[in-house]
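Engineer: build me a model from this:
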Amino acid sequence: MYFEKYRELLLDPFAVQFQRVEIESVISYPHAGNDVIECIGAVDKGRGNFFVKFERHRDADFENEIYFLNKLQQAASLKIPKVIETGRHQGINYLVLEKLPGARISFILDKYAANTSAYCNRFGYSLGEIHSLTFTERLAKGRKIHNLPENPQNDPFIAAARCWLEGNAPASVNEAFIHGDHHYANLLWADDCISGILDWELAGWGNKELDLAWAVIPRPGQQFFKSRYEEDEILSGYCRVNHFDLKAYRYYKVLHLTHFYRISADEPDYQTWVRAQVKELLYS
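Structural biologist: Residues are numbered from 1 along each chain as shown. The predicted structure follows:
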């Protein structure tokens, strides 16, 4: 996957004195909340591609990601990148990770279209497998998007959704080990199978259905996982290895969809789609 530079980095990667790698060139700038660059250069006594991440956004927690990346190496069935090096430069933490093979679904839509059921099923299964792990020692971090959506413009749609959310909150939380950001952009695929699960900064013991709903709902501009058939296949894959509460899952779908509606004012078609989805959930 190749991504053009879309913003200025907080740090010049060539100014960092790495211990185990030496950057020859930056070859791609994957879109992410933090600054992420794909590099080619020296790695220990060899040469190859690797990723460098620099902390940028307020939810960044590299210490938590490093902890779980090392711990998750025990889960042989999960494809997790290895940590090459960690450090700090000019007050900003960095993390160097091995490059795993594969591409996001958005880059292989032809393969996805030819084998949609398998992709959806495996996507759901991977999250069900993660939720089956018993790493209880760290709590997942709360995020602003877990709160009720704000409505500064007095949008009647957000007001109605918020009213419903206030009156229908689940009585209890089903806890599990969660990824925290298990969506399509953090999964790599090769030969129609998941070849890598990335970005574990938000992982920990947390809300199972909240994590499941976050994984399933389409983001603005996303052209897959949008049909009932695809959702059913994802949930079917999840249930091959785990289980969930449908009422709680639908509640958190409304919560997440309403948040995405708020930030997609320049995507009228997506907002129309969200309104239809939420209306169906509120009255089903």
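Engineer: use CA for all of it now, contacts and neighbours both
Structural biologist: Noted.
Engineer: could I get the full set of helices for this protein?
Structural biologist: 62-71, 109-114, 116-131, 156-167, 208-216, 228-239, 246-262, 268-283 (DSSP state H).
Engineer: can you give me the angle the third one makes with helix 228-239?
Structural biologist: Translated: helix 116-131. 40 degrees (axes from the mean of the first three to the mean of the last three Cα atoms, to 10 degrees).
Engineer: cool, and the longest one?
Structural biologist: With the same axes, to 10 degrees applied, the angle from helix 246-262 to helix 228-239 works out at 130 degrees.
Engineer: name the surrounding residues that touch helix 246-262.
Structural biologist: The contact list for helix 246-262 (Cα atoms under 8 Å, 6 or more residues apart in numbering) reads 145-146, 148-149, 158, 161, 165, 168-170, 209-210, 212-214, 217, 219-220, 270-271, 274, 278, 281.
Engineer: let's go with 7 Å and repeat that
Structural biologist: By Cα atoms under 7 Å, 6 or more residues apart in numbering, the list of residues contacting helix 246-262 from outside reads Ile145, Pro149, Ile158, Pro170, Glu209, Leu210, Ala213, Trp214, Gln271, Val274, Val278, Leu281.
Engineer: re earlier: do you know which of the helices of the chain lies nearest Asn93?
Structural biologist: Taking Cα to Cα, helix 62-71 is the member of the helices of the chain nearest to Asn93, at 7.4 Å.
Engineer: contacting residues around the residue minimising distance to the centre of the chain?
Structural biologist: Most central in the chain under Cα atoms, centre = their mean is Asp181, positioned 3.1 Å from the mean C-alpha point. Residues near Asp181 by Cα under 7 Å, 6+ apart: Leu202, Ala215.
Engineer: phi and psi next, for it.
Structural biologist: The phi/psi pair for Asp181 (degrees, to the nearest 10) reads phi -150, psi 40.
Engineer: for the spatially closest residue to Ala118 that is not a sequence neighbour, phi and psi?
Structural biologist: Computed as Cα to Cα, 6 or more residues apart in numbering, the closest residue to Ala118 that is not its neighbour in sequence is Asp192, at 7.7 Å. Dihedral pair for Asp192: phi 70, psi 10, per degrees, to the nearest 10.
Engineer: how about low-confidence regions in this protein?
Structural biologist: 76 (pLDDT under 70).
Engineer: try 90
Structural biologist: Along the chain, the model assigns pLDDT under 90 to residues 1-5, 31-33, 45, 57-60, 73-77, 141-145, 152-153, 282-284.
Engineer: coming back round to it: of all the helices of the chain, which one is nearest Leu78?
Structural biologist: That would be helix 116-131 among these, by Cα to Cα, at 7.9 Å.
Engineer: turn the helices of the chain into CSV, columns for distance to Ile80 and mean neighbour count.
Structural biologist: Below are the helices of the chain laid out as CSV (distance: least, Cα to Cα, whole Å; neighbours: other Cα atoms under 10 Å):
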stretch, distance to Ile80, mean neighbour count
helix 62-71, 7, 17
helix 109-114, 22, 13
helix 116-131, 12, 22
helix 156-167, 35, 15
helix 208-216, 18, 23
helix 228-239, 19, 19
helix 246-262, 26, 20
helix 268-283, 32, 14
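Engineer: got the ones you listed as CSV, with distance to Gln19 columns?
Structural biologist: As requested, those are exported to CSV (distance: least, Cα to Cα, whole Å):
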stretch, distance to Gln19
helix 62-71, 17
helix 109-114, 39
helix 116-131, 32
helix 156-167, 50
helix 208-216, 36
helix 228-239, 41
helix 246-262, 40
helix 268-283, 45
